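> any chance you can model this:
(chains A and B)
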Number of protein chains: 2
Amino acid sequence: MKYELYYWPEIQGRGEFIRLALEEAGADYVDVARRGSGGRDKLFAMLQRKTATPPFAPPILKAGKLLVSQTANILLYLGDHEGLAPANEAGRLWTHQLQLTMADFLVEAHDTHHPIAKSLYYEDQKPESKKRAEDFLKLRAPKFLGYFDRVLAQNGSGHLVGRRITYADLSLFQIVTGLRYAFPNAMKRLEPKHKHVIALHDKVAQRPNIAIYLASPRRIPFNEMGIFRRYPELDRS
Amino acid sequence: MKYELYYWPEIQGRGEFIRLALEEAGADYVDVARRGSGGRDKLFAMLQRKTATPPFAPPILKAGKLLVSQTANILLYLGDHEGLAPANEAGRLWTHQLQLTMADFLVEAHDTHHPIAKSLYYEDQKPESKKRAEDFLKLRAPKFLGYFDRVLAQNGSGHLVGRRITYADLSLFQIVTGLRYAFPNAMKRLEPKHKHVIALHDKVAQRPNIAIYLASPRRIPFNEMGIFRRYPELDRS
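The predicted structure follows:
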């Protein structure tokens, strides 16, 4: 199967969770909007294409005739087809459940810089962002990280699910890298309390396909257009 | 299969999406925290229970030995087991994709009264709520409703997926009832522009099992503790 990924070409964003899964699986894929010129046009054409299953927003994965959208839904699909989740029902649902909890975490991380409106610039919602980021770092991030740390501690294999890598491990890796970029001061305080999460991050970073990917130009650097943004005023030391 | 639902006993909230699916399917279930006394204690006991698949938050569905959490994940399970989604892979993924887009819509509806912190009362984030609600009603709600209206118009059967009811139809019904409760003025303006969505709402309300449920004491009235809250200052006429 040759996959086509449609996502914004200049950010990691939600597309990165799909890129990591495709890279780990060694899948044959094209990151359509990043290849050649007119990348964004190809993405917009896909968004406007007549189809029985129109996407609401990127990322979109084209797999043969199938168009799949919504990050967690694409991962559910790739989990089945690329061996990135258990094959049995209980294992599939548990992996997906963890992913959906990460999706919630991600929305809250994003909203630290956009608590009022996606339609406004960060600069137009700065006082509100400071308040939201403070609550996020004090209560929400520890709650989510604590949960995943307990799941890892209890499972005992160094993976979130069973004894093998799943897309949930890859996604938690990505969240840690994002939090480190956006909130380096807060993460200095949080990391020692969430050692299992950090150990998983390190383990994923060392997987051969992931290590090659991270060192390649395919890995877009973090920036202030994506989900995780470094605004020092939101991350007081 | 006798199901047990664990959810906050005093609100519709996210649990309502599960209740609607169980009711439509005519499933044998217990809404554990609403039966007898000590309901919340039973919910807390479940949240603290030692299990290989700990939930992050309610709702939680117990189905035999399986504990499933995350609203969309529970619906994915019920879609398969209660005939509330197509059996083929493409149809299952499409139904789930729609559900995940509704989950995003729901977070944004919730955050109109909690844009800064879940840990604070609404009264402590009122000015920010006004701004967020204004953007939600002007841009976000029309964007989501417009999307679902186009999906329905294109599908042509009066259902979101294929020619039969799915959990996605039930969820869109619930979102319309919630928006009508929270934002009656805005909905007066928005409904005429989203006739397919409203027609689906009416169709779902008339399904025999749903009509019985809605008229029963099992349907908790909306209130100012749930996702959809009526704060008139957020819904100017």
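> by contact count, what packs against the longest helix anywhere in chain A?
Ordering each helix of chain A by length in residues (DSSP state H) puts helix A:89-111 first. Contact analysis of helix A:89-111 by 3 or more C-beta pairs under 8 Å, 6 or more residues apart in numbering or on different chains; DSSP states H and E lists helix A:71-81, helix A:141-155, helix A:167-182, strand B:66-69, helix B:71-81, helix B:89-111 as its packing neighbours. In this view, the C-beta of every residue, glycine as well, is placed from N, C-alpha and C.
> can you list contacts of the worst-scoring helix or strand of chain A on mean pLDDT?
Every helix and strand of chain A was ranked by mean pLDDT, DSSP states H and E. The lowest is helix A:39-48, at a mean of 92. With C-beta atoms under 8 Å, 6 or more residues apart in numbering or on different chains as the test, helix A:39-48 has contacts from A:Tyr6, A:Tyr7, A:Trp8, A:Pro9, A:Val32, A:Ala33, A:Pro55, A:Ala57, A:Pro58, A:Ile60, A:Lys62.
> coming back round to it: need the helices and strands packed on helix A:89-111 in JSON lines (columns: mean neighbour count).
Below are the helices and strands packed on helix A:89-111 laid out as JSON lines (neighbours: other C-beta atoms under 10 Å in any protein chain shown):
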{"stretch": "helix A:71-81", "mean neighbour count": "24"}
{"stretch": "helix A:141-155", "mean neighbour count": "18"}
{"stretch": "helix A:167-182", "mean neighbour count": "24"}
{"stretch": "strand B:66-69", "mean neighbour count": "21"}
{"stretch": "helix B:71-81", "mean neighbour count": "24"}
{"stretch": "helix B:89-111", "mean neighbour count": "22"}
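> endpoint to endpoint, stretch A:39-59 covers what distance?
For stretch A:39-59, the first-to-last residue distance is 14 Å (C-alpha to C-alpha, to the nearest Å).
> list the buried residues for that stretch?
Across stretch A:39-59, burial judged by 16 or more other C-beta atoms under 10 Å in any protein chain shown covers A:Gly39, A:Lys42, A:Leu43, A:Met46, A:Thr53, A:Pro54, A:Pro55, A:Phe56, A:Ala57, A:Pro58, A:Pro59.
> where does chain A have low pLDDT?
For chain A, no stretch is flagged by pLDDT under 70.
> what strand or helix carries the most far-flung residue of it relative to its centre?
The C-alpha centroid of chain A is most remote from A:Lys50, which lies 27.8 Å away (C-alpha atoms, centre = their mean). Counting by DSSP states H and E, there is no helix or strand that carries A:Lys50.
> and it, how close does it get to A:Ala63?
19 Å (C-beta to C-beta, to the nearest Å).
> and for A:Trp119, the neighbour number?
Just so we're on the same page, residue A:119 is Ser rather than Trp. 11 (other C-beta atoms under 10 Å in any protein chain shown).
> what's the answer for A:Ile198, then?
19.
> quick one: contacts for it?
With C-beta under 8 Å, 6+ apart, A:Ile198 has these contacts: A:Val176, A:Glu191.
> any idea how far it is from B:Leu234?
41 Å.
> what's the spacing between stretch A:92-99 and its chain's center?
On the basis of C-alpha atoms, centre = their mean, to the nearest Å, stretch A:92-99 sits 15 Å off its chain's mean C-alpha point.
> neighbouring contacts of it?
A:72, A:75-76, A:79-80, A:85-86, A:148, A:151, A:160-161, A:166-168, A:171-172, B:52-53, B:55, B:66, B:68-70, B:73, B:76-77.
> same check on stretch A:106-122?
A:14, A:124-125, A:128-129, A:131-133, A:136, A:140-141, A:144, A:175, A:178-179, A:182, A:224, A:227-229, A:231, A:234, B:104, B:107, B:111, B:115-116, B:128, B:131-132, B:135, B:139-140.
> wait, A:Asp149 sits on A:Ala199?
No: counting by C-beta atoms under 8 Å, A:Asp149 stays clear of A:Ala199, with 9.7 Å between them.
> hmm, back to that, for B:Ser216, state which of the buried residues of stretch A:39-59 is nearest.
A:Phe56 (33.6 Å; C-beta to C-beta).
> so what's A:Gly178 up against?
Per C-beta under 8 Å, 6+ apart, neighbours of A:Gly178: A:Gln12, A:Ala109, A:Phe222, A:Ile227, A:Phe228.
> 7 Å instead, please
Going by C-beta atoms under 7 Å, 6 or more residues apart in numbering or on different chains, A:Gly178 touches A:Ala109, A:Ile227, A:Phe228.
> one more: A:Gln70?
Applying C-beta under 7 Å, 6+ apart, the residues near A:Gln70 are B:Gln97, B:Leu100, B:Thr101.
> against A:Asp124, how distant is the last one?
It refers to B:Thr101. On the measure of C-beta to C-beta, B:Thr101 and A:Asp124 end up 26 Å apart.
> swap in A:Tyr231?
Counting by C-beta to C-beta, the gap from A:Tyr231 to A:Asp124 is 13 Å.
> who's more crowded, those two?
A:Tyr231 (17 against 13).
> ok, and the closest non-adjacent residue to that one?
Sequence neighbours aside, A:His113 is the residue nearest to A:Tyr231 in space, at 6.2 Å (criterion: C-beta to C-beta, 6 or more residues apart in numbering or on different chains).
> quick check: the one you found is in a strand.
No: counting by DSSP: H, G, I helix; E, B strand; the rest coil, A:His113 is not found in a strand; it is coil.
> how far away is it from chain B?
As judged by C-beta to the nearest C-beta, to the nearest Å, A:His113 and chain B stand 13 Å apart.
> the strand or helix carrying A:Arg19 packs against which elements?
Assigned by DSSP H and E, A:Arg19 falls within helix A:15-25. Judged by 3 or more C-beta pairs under 7 Å, 6 or more residues apart in numbering or on different chains; DSSP states H and E, the packing partners of helix A:15-25 are strand A:2-6, helix A:71-81, helix A:167-182, helix A:208-215.
> ok, the first one near chain B or not?
No: Strand A:2-6 lies apart from chain B when judged by C-beta under 7 Å from any C-beta of the partner chain; the minimum separation is 14.2 Å.
> partners of that strand, with directions?
The pairing partners recorded for strand A:2-6 under DSSP bridges are strand A:28-31 (parallel), strand A:60-63 (antiparallel).
> return the most buried member of these.
Neighbour counts (mean count of other C-beta atoms under 10 Å in any protein chain shown) averaged over each of those peak at strand A:60-63, with a mean of 22.
> straight-line length of stretch A:222-235, end to end?
With C-alpha to C-alpha as the measure, stretch A:222-235 spans 16 Å from end to end.
> meant to ask about stretch A:50-59
Start and end residues of stretch A:50-59 are separated by 17 Å (C-alpha to C-alpha).
> and the contacts of it?
A:5-8, A:14-15, A:18, A:43, A:47, A:67, A:69, A:71, A:74, B:94, B:97, B:101, B:147, B:151.
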